[in-house]
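1. Have a look at this prediction, sequence included:
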Amino acid sequence: MLGFFQVLLLLISSTAVQGKGKFTPPNIVFLLADDLGWNDVGFHGSRQVRTPVIDSLANEGLILNKYYTLPLCTPSRASLMTGKHAIRVGLQHKVIVTGQRLALPLHFKLLPEFLNDLGYESHAVGKWHLGSFHKSYLPTFRGFKTFYGMYYGKADYYNHWESEMGMAGLDWHFDEGKNLSDLHSEYGLYSTRAFAARSEKIIEEHDFKSKPLFLYVPFQAPHSGLDHDPLQVPRDTESQVNETWHIQRRKYLGMLSELDTAVGRIMKSLENKGKEVIENTIVVFSSDNGGAPNGLQQWNWGSNYPLRSSKGHYYEGGLRAVGLVWGKPFEQRRGQVSTEMMHITDWLPTFFEAAVGDKSKAESTLKEYDLDGFSMLDMLTGKNLTSPRSEIVLNFDPLENTKAIRVGRYKYLLNPNNRHDGRLDDWFEAPGESPEVNETLVAGTTPAQIFCEKRPSENVNLKCYSSKSTKLECLYDIENDPCEYFNLIDNDSLQNVKNIMLERIRYWESLQVPAMRPPLDPESDPKHFGYAWQPWTNDPKIPENEVYNCNPQHCIEVSIKSEL
């Protein structure tokens, strides 16, 4: 498979995005994995995982090793689609639950709408998870010509049913413009394969000579399915996995193999359209957040090791994501590993500049939208190897009074233990070849690997607590300590660093909008709609009385008594 991508890149000339002569906007294919762990791809050093296609894209493209998302599905998707942080769109608290009157507000312009203004045709295939209680929030009402997949966050991989609080129904749809269809007839289709097939069809039928394509493929995999059968993989694929004794981890590895195969099918479809198409296509592969390890209610068996913790958390394992970019514009950085800071909000301005072909014109157009993201095109193409970013708001959640920010080499967290009562603050190794051992990671296996020495002894401060402030807070030097072993919060020489962090938090909290969290609406019950999850109300308004705001000063200075 490596040779396949090498051949493709040999066919591609070394010109930049604009090239010489007439500018042609690039096709953009964004492949988003769901809950893919840091250690769930081969190019990060795992010898247990089989992801040859994704690894080839990484090795022949540019690996993004300091790339951050939000810690959960909905916040990450909202940030990707708007170029704004989730704290500025009201979706910073957890995820949209099936049956909630909650969605990404309509006054935000989304990525496909920006690209459509430039002549693109946009399609979405996979998991939406940005709201569907009213039809105006659906993908085909927000810039996508067609949508095939699931509206919500989880479902059975085969029958595509989703259940919530005693309500259950099909969450599997094909929408084209205003025409919405529930696909009861596709019972039994494995979702990862179905998404690959639909993506192939879009690519095959698209007229690339008339307009560029934006194809957004947010896979369901490897997110767990429903509680009764959380890890689902076709038997023929599972039977080929023997890298671990643990049956659940084997199933999970099989799900990764299916994901990898689907990525390969999409890449092959692009190649089949000819040299002009493949050499004018930007491909991004990203996870939406960190993986869900075996500590997360036993639902999943992802691995972020050696990074700390899980999806949903502010330690590196929760939001330092798998990411890469592949294609003609990035040839100058082919085979490299970027250690420059990048965030999921950066994709919108990056794609927009690539599509416009003129940096100043793109910046001028986007200025009125007050985005949080930066165009990373110069950094990704090698024109300027320095990221325009010096900080990343990792998230603030006023409902939990948790917050995390990275500024330069340092990262500050307040109350991270409030999530799951601290159960997932640990480091979770993947099961090995036998019950007696875990997966063995060897330093220097790949250029993009993060390798940490053995966990320090118990007398090291592994807890997120300051004896000086008596708050549940911590400070890490991520450059020297990516596995977050050493809490430096009480280091006298770093108190100025802490003060800078708190000042940046105060600034960003002054821009934060209230976190929305309306209750479930019983009117959403699929039994009213032929047992399918559908938009259920004629009122597009998100309930105003179901929001929570936070006084910035209180959020920072809250006492340990109130935290507990």
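-> Nice, thanks for sending it over.
2. Tell me which stretches of the stretch 51-200 of the chain form helices.
-> For the stretch 51-200 of the chain, applying DSSP state H, counting those that start in this stretch gives helices covering 52-60, 73-82, 111-116, 191-205.
3. cool, the stretch 251-400 of the chain as well?
-> Counting by DSSP H, counting those that start in this stretch, the segments of the stretch 251-400 of the chain that form helices are 275-278, 316-319, 347-356, 359-366, 377-381.
4. Need these in a markdown table (columns: mean neighbour count, mean pLDDT and distance to N395).
-> In this view, the C-beta of every residue, glycine as well, is placed from N, C-alpha and C. Output for the helices of the stretch 251-400 of the chain, formatted as a markdown table (neighbours: other CB atoms under 10 Å; pLDDT from 0 to 100; distance: least, CB to CB, whole Å):
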| stretch | mean neighbour count | mean pLDDT | distance to N395 |
| --- | --- | --- | --- |
| helix 275-278 | 16 | 96 | 37 |
| helix 316-319 | 30 | 97 | 8 |
| helix 347-356 | 24 | 98 | 18 |
| helix 359-366 | 15 | 97 | 23 |
| helix 377-381 | 23 | 98 | 23 |
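5. closest to D229 out of these?
-> Proximity to D229, assessed across those by CB to CB, is greatest for helix 316-319 (25.3 Å).
6. sorry, back to before: next, format the helices of the stretch 51-200 of the chain as a markdown table and append mean neighbour count.
-> A markdown table is the format used below for the helices of the stretch 51-200 of the chain (neighbours: other CB atoms under 10 Å):
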| stretch | mean neighbour count |
| --- | --- |
| helix 52-60 | 23 |
| helix 73-82 | 28 |
| helix 111-116 | 22 |
| helix 191-205 | 20 |
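7. Identify whichever of the ones you listed lies nearest to E176.
-> Using CB to CB as the measure, helix 191-205 is the one of the helices of the stretch 51-200 of the chain that comes nearest E176, at 11.6 Å.
8. What about the residue nearest to W172 when sequence neighbours are not counted, how many residues nearby?
-> Here the nearest residue to W172 in space, its sequence neighbours aside, is H160; by CB to CB, 6 or more residues apart in numbering that works out to 3.6 Å. When neighbours are defined as other CB atoms under 10 Å, H160 has 27 of them.
9. Give me the below-cutoff pLDDT ranges for the protein.
-> In the prediction, the chain carries residues with pLDDT under 70 at positions 1-21, 295-298, 418-421, 458-459, 545-564.
10. now the helices of the stretch 251-400 of the chain in CSV, with distance to R308?
-> Putting the helices of the stretch 251-400 of the chain into CSV (distance: least, CB to CB, whole Å) gives the following:
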stretch, distance to R308
helix 275-278, 39
helix 316-319, 5
helix 347-356, 26
helix 359-366, 35
helix 377-381, 27
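11. Looking at these, spot the one closest to R101.
-> With distances scored as CB to CB, the stretch of these nearest to R101 is helix 347-356 (26.2 Å).
12. Return the angle between stretch directions for that closest one and helix 73-82.
-> Relative orientation of helix 347-356 versus helix 73-82 (axes from the mean of the first three to the mean of the last three CA atoms, to 10 degrees): 30 degrees.
13. In TSV, list the helices of the stretch 51-200 of the chain along with distance to K403.
-> Converted to TSV, the helices of the stretch 51-200 of the chain look like this (distance: least, CB to CB, whole Å):
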stretch	distance to K403
helix 52-60	32
helix 73-82	13
helix 111-116	26
helix 191-205	35
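14. among those, which is nearest Q336?
-> In terms of CB to CB, the element of the helices of the stretch 51-200 of the chain nearest to Q336 is helix 52-60, at 10.0 Å.
15. just checking, what packs against that closest one?
-> Secondary structure elements in contact with helix 52-60, counted by 3 or more CB pairs under 8 Å, 6 or more residues apart in numbering; DSSP states H and E, are helix 2-10, helix 247-272, strand 281-287, strand 323-326.
16. what element comes up after the first one heading to the C-terminus?
-> Past helix 2-10, heading to the C-terminal end, the next element that is a helix or strand (DSSP states H and E) is strand 27-33.
17. What pairs with that following strand, parallel or antiparallel?
-> In the sheet containing strand 27-33, the strands it pairs with under DSSP bridges are strand 213-218 (parallel), strand 281-287 (parallel).
18. roughly how far is the shortest one from the heart of the chain?
-> It refers to strand 213-218. Taking the mean C-alpha point of strand 213-218 and that of its whole chain, the gap between them comes to 14 Å (CA atoms, centre = their mean, to the nearest Å).
19. Would you mind identifying the next helix or strand past that strand?
-> Defined by DSSP H and E, the subsequent element after strand 213-218 is helix 235-238.
20. helices and strands around that following helix, which ones?
-> With contacts taken as 3+ CB pairs under 8 Å, 6+ apart, helix 235-238 sits against helix 247-272.
21. Sort out which residues of the helix it packs on are buried, please.
-> For helix 247-272, a neighbour-count test (16 or more other CB atoms under 10 Å) marks 248-267, 269-271 as buried.
22. quick one on the thing from earlier: of the helices of the stretch 251-400 of the chain, which is nearest K527?
-> Across the helices of the stretch 251-400 of the chain (criterion: CB to CB), the nearest stretch is helix 316-319, sitting at 36.0 Å.
23. Quick check: the gap between W347 and N461.
-> Taking CB to CB, to the nearest Å as the measure, W347 falls 36 Å from N461.
24. All set, thanks.
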